[in-house]
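Novice: For reference, the sequence and a predicted model appear below.
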Amino acid sequence: MTQRTARFAYGLLTSLFLFSCSDGGDQSGSTGTEEEPQTVFTHKMMKQVPGGTRDQKFAYECQSCTFEQWLSIEPPPGWEAGPAQVSLMDSGNLRSRPSFEKIQEELTDLQEEDFYDSWDFLEEVPGNEYELIAVNIGPAQIIQYPPNAVVRTQVMRDTALVFDAGTRVHELTDSTGDVFVLFAYGVDPENVVIPDFQDPEALGDFTPPNNWTYSTRLLEEELVLDSEDKATVLALRPLAGLISTWEKRE
């Protein structure tokens, strides 16, 4: 793997976490009616796990913060901004947040003094507005199909992502038969353009890796992606495109 490809691939790791969501603020283009629910936006701050590998990261999210507030944050050393995305599921549930004890079962070298359950980035928001929602525990598998790359890894989060019957889903089937469902898609927070994911052509000329298959369908019954503490997740960015995030269907 070239150094450039490695930087590109590890950059995708910041997109692998999702759950708590916000409405993005006035500049986000978030709208909704009774017939068409409000679009849900997500934006995160990431922290490298002290003593961990390059792909092991904590993910923090603020449910009430706008894109404008998120863009104003100057990340301290060891922190970085994750991507701005919109979520595709119809509803979901964050049942619990990762605890130090639970994380240490996977990352045994983690020390309690290096663990933060929440963080205060914004003076105008009371308290520690960014809360830990997920941890990338790895290991990351990088699948190259030049000039693009896919990162596959395990994320610690306790969530259920729900797609209602009648919703269109977009799926990737890898060469081993594992099926991944698209649940988050990148947007430019300063110029938000959201594809109509109910359109079968929403992803345009999207091309999957060799020996993988992309498909789309309307659900005949509800689909629930239940992480049960861990999710296997893909992050993928087509050439000149925005990062998409997919979760394995168990």
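Specialist: Right, received. Where do you want to start?

Novice: so the residue lying closest to residue 222 once chain neighbours are set aside, which of the three states?
Specialist: Closest residue to residue 222 in three dimensions, ignoring its sequence neighbours and counting by C-beta to C-beta, 6 or more residues apart in numbering: residue 165, at 5.4 Å. No exception for glycine: its C-beta is placed from N, CA and C like everyone else's. Using DSSP: H, G, I helix; E, B strand; the rest coil, the structure places residue 165 in coil.

Novice: cool, and residue 101?
Specialist: Classification of residue 101 by three-state DSSP places it in helix.

Novice: Return the per-residue confidence for it.
Specialist: Predicted confidence (pLDDT) at residue 101: the value is 97.

Novice: For the remainder of this discussion, apply numbering that starts at 569.
Specialist: Will do, 569 is the new start, and the previous item becomes residue 669.

Novice: How many neighbouring residues does the residue nearest to residue 790 have?
Specialist: Neighbour count of residue 733, defined by other C-beta atoms under 10 Å: 11.

Novice: ditto for residue 754
Specialist: Residue neighbour count, defined by other C-beta under 10 Å, stands at 17 for residue 754.

Novice: before we move on, what about residue 756?
Specialist: If you count neighbours by other C-beta under 10 Å, residue 756 ends up with 10.

Novice: How about the contacts made by the residue lying closest to residue 780 once chain neighbours are set aside?
Specialist: Of all residues not flanking residue 780 in the chain, residue 742 sits nearest, at 5.3 Å (C-beta to C-beta, 6+ apart). For residue 742, the residues meeting the contact criterion (C-beta atoms under 8 Å, 6 or more residues apart in numbering) are 748, 777, 779-780.

Novice: right, and residue 768 touches residue 736 too?
Specialist: Yes - contact between residue 768 and residue 736 holds when scored by C-beta atoms under 8 Å: they sit 6.9 Å apart.

Novice: still on that earlier bit, next one, pLDDT for the residue nearest to residue 780 please.
Specialist: Here the pLDDT value assigned to residue 742 is 96.

Novice: quick one: it from residue 736, how far?
Specialist: Residue 742 is 21 Å from residue 736, where distance means C-beta to C-beta, to the nearest Å.

Novice: same check, this time on residue 805
Specialist: When C-beta to C-beta is applied, the distance between residue 805 and residue 736 equals 22 Å.

Novice: now do residue 752
Specialist: Shown here: residue 752 relative to residue 736, a distance of 15 Å by C-beta to C-beta.

Novice: out of the two, which sits in the more crowded spot?
Specialist: Comparing residue 752 with residue 736 by other C-beta under 10 Å, the one with more neighbours is residue 752, at 28 against 16.

Novice: partners of the strand or helix carrying that one in the sheet?
Specialist: Per DSSP states H and E, residue 752 falls inside strand 747-754. Sheet partners assigned to strand 747-754 using DSSP bridges are listed as strand 647-655 (antiparallel), strand 736-741 (antiparallel), strand 812-816 (antiparallel).

Novice: quick one: which of the ones you listed is nearest residue 672?
Specialist: Of all those, the one in closest proximity to residue 672, counting by C-beta to C-beta, is strand 647-655 (21.2 Å).

Novice: quick one: buried residues of that closest one?
Specialist: For strand 647-655, the neighbour count (16 or more other C-beta atoms under 10 Å) marks 647, 649-655 as buried.
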